[in-house]
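>>> for reference, the sequence and a predicted model appear below.
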Amino acid sequence: MEMRLGDLGIYKLAGCGWHYMDPYTCIQEQGSSTEAHGVSPLMAEAIAVQETLLHAKSRQLSKICLKSDNQVLIKTLISNQSPVDLYRINLDIENLTSSFVLLNFSYVFRSLNCIADALAKSALYGLNSSLHS
């Protein structure tokens with residue numbers, strides 16, 4: 001899961017990318033989205049986590065290991081002590097966690113998160129290109 005931020009004139013944009021692999025079937029899925037936002041980079045990352053969990057829930061996945069290269073966000077999610085600006089989104093994430101038998105949040109180096117990073121960049125730059133056409 002990865003979130004990329006960028007500016008396009010008056011618009012604040014966020015590109016979100018995620019991918020996962022079922023370790024039993026080796027089936028892989030990936031996706032991306034672009035959203036306008038007026039929030040901090042940390043809030044945008046939290047929104048990406050929420051989107052990823054919503055997708056996993058819709059696919060009826062029961063065991064999730066969510067990895068992010070945002071260490072602050074992972075620490076916040078693990079500790080359940082969110083900054084004031086993340087309070088509402090963290091409540092939403094906390095409510096989503098009950099949908100899973102197992103949910104683990106872990107930090108991963110950006111170099112090991114390259115697929116999600118590329119998807120997020122693609123979503124962000126794809127929207128940027130289409131708005132300038």
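Everything's here; your move.

>>> packing partners for the longest strand seen in the chain?
Counting by DSSP state E, the longest strand found in the chain is strand 11-21. For strand 11-21, the elements it packs on are strand 2-8, strand 28-36, helix 41-58, helix 114-132, judged by 3 or more Cβ pairs under 8 Å, 6 or more residues apart in numbering; DSSP states H and E. Glycine gets a C-beta too; all of them are placed from N, C-alpha and C.

>>> what about the last one, average pLDDT?
Think helix 114-132. In this model, helix 114-132 has an average pLDDT of 69.

>>> same thing with the first one?
Along strand 2-8, the predicted local confidence has a mean pLDDT of 43.

>>> could you measure from Pro41 over to Ile27?
32 Å (Cβ to Cβ, to the nearest Å).

>>> adding mean neighbour count, write the helices and strands packed on strand 11-21 out as JSON lines.
Formatted as JSON lines, these follow (neighbours: other Cβ atoms under 10 Å):
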{"stretch": "strand 2-8", "mean neighbour count": "20"}
{"stretch": "strand 28-36", "mean neighbour count": "16"}
{"stretch": "helix 41-58", "mean neighbour count": "20"}
{"stretch": "helix 114-132", "mean neighbour count": "17"}
